[in-house]
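In: Need a 3D model of the following:
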Amino acid sequence: MLDISLDAATCLKMLNRLIGTEMRFVYLNHKGELEVRHVVVERVFFGTKLPYHQEHQWLFEALDLERQATRTFAFEHICPEGAEAFSIKEKL
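Out: A predicted model of the protein is given here:
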């Protein structure tokens with residue numbers, strides 16, 4: 001794995017490019033279960049979001065298209081095992 005260290009401002013600038021993007025990915029939820037999620041990214045931030053994301057980390061809020069509700073996801077819980085289910089649609 002390639003390790004590239006970037007400052008928080010650079011990371012945020014790069015990750016903010018995801019806002020408005022439709023994504024489908026496999027996610028490890030707080031119960032330890034893998035789920036395919038289909039979302040549109042609304043906001044990217046570094047911080048915490050109780051009760052599920054208690055440690056400071058890169059998170060994003062997104063409209064879950066199946067549940068029709070905004071949810072918070074941790075980037076580190078997107079599963080590489082589900083890479084075949086991962087897709088990103090270009091923004092219009």
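In: so who does the closest residue to residue 21 other than its chain neighbours touch?
Out: Closest residue to residue 21 apart from its sequence neighbours, by Cβ to Cβ, 6 or more residues apart in numbering: residue 41 at 5.1 Å. Where you see a C-beta, it was placed from the backbone N, CA and C, and this is true even at glycine. Counting by Cβ atoms under 8 Å, 6 or more residues apart in numbering, residue 41 makes contact with 18-21, 23, 60-62.
In: Just confirm residue 9 is within a strand.
Out: No: per DSSP: H, G, I helix; E, B strand; the rest coil, residue 9 lies outside any strand segment and is helix.
In: Now for it, how many residues are close by?
Out: Residues lying near residue 9 (other Cβ atoms under 10 Å) number 8.
In: which of the contacts of residue 41 has the most neighbours?
Out: Compared across those, residue 62 has the highest neighbour count, 23 neighbours, by other Cβ under 10 Å.
In: just checking, residue 79 touches residue 29?
Out: No: Residue 79 is beyond contact range of residue 29, at 10.5 Å (criterion: Cβ atoms under 8 Å).
In: ok, these two, which is more surrounded?
Out: Taking neighbours as other Cβ under 10 Å, residue 79 and residue 29 compare with residue 79 leading, 16 against 13.
In: the helices in the chain, which residues?
Out: 8-15 (DSSP state H).
In: mind showing which ranges of it have poor pLDDT?
Out: Along the chain, segments meeting pLDDT under 70 span 1-6, 81-92.
In: and the longest strand along the chain, C-alpha only, in PDB?
Out: Scanning the chain for the longest strand, with DSSP state E as the assignment, gives strand 34-49. Provided in PDB are the C-alpha atoms of strand 34-49 (Å, rounded to 0.1, in the frame of the first residue of the first chain):
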ATOM      1  CA  LEU A  34     -21.400  -5.500   5.700                       C
ATOM      2  CA  GLU A  35     -24.000  -3.700   3.700                       C
ATOM      3  CA  VAL A  36     -24.100  -2.200   0.200                       C
ATOM      4  CA  ARG A  37     -24.900   1.500   0.500                       C
ATOM      5  CA  HIS A  38     -26.100   3.800  -2.300                       C
ATOM      6  CA  VAL A  39     -25.700   7.500  -1.400                       C
ATOM      7  CA  VAL A  40     -25.200  11.000  -2.600                       C
ATOM      8  CA  VAL A  41     -22.400  12.800  -0.700                       C
ATOM      9  CA  GLU A  42     -23.500  16.000   1.000                       C
ATOM     10  CA  ARG A  43     -20.600  17.000   3.300                       C
ATOM     11  CA  VAL A  44     -17.100  15.800   4.100                       C
ATOM     12  CA  PHE A  45     -15.400  16.600   7.500                       C
ATOM     13  CA  PHE A  46     -12.800  15.500  10.000                       C
ATOM     14  CA  GLY A  47     -14.300  15.000  13.400                       C
ATOM     15  CA  THR A  48     -16.600  12.800  15.400                       C
ATOM     16  CA  LYS A  49     -20.300  12.000  15.200                       C
END
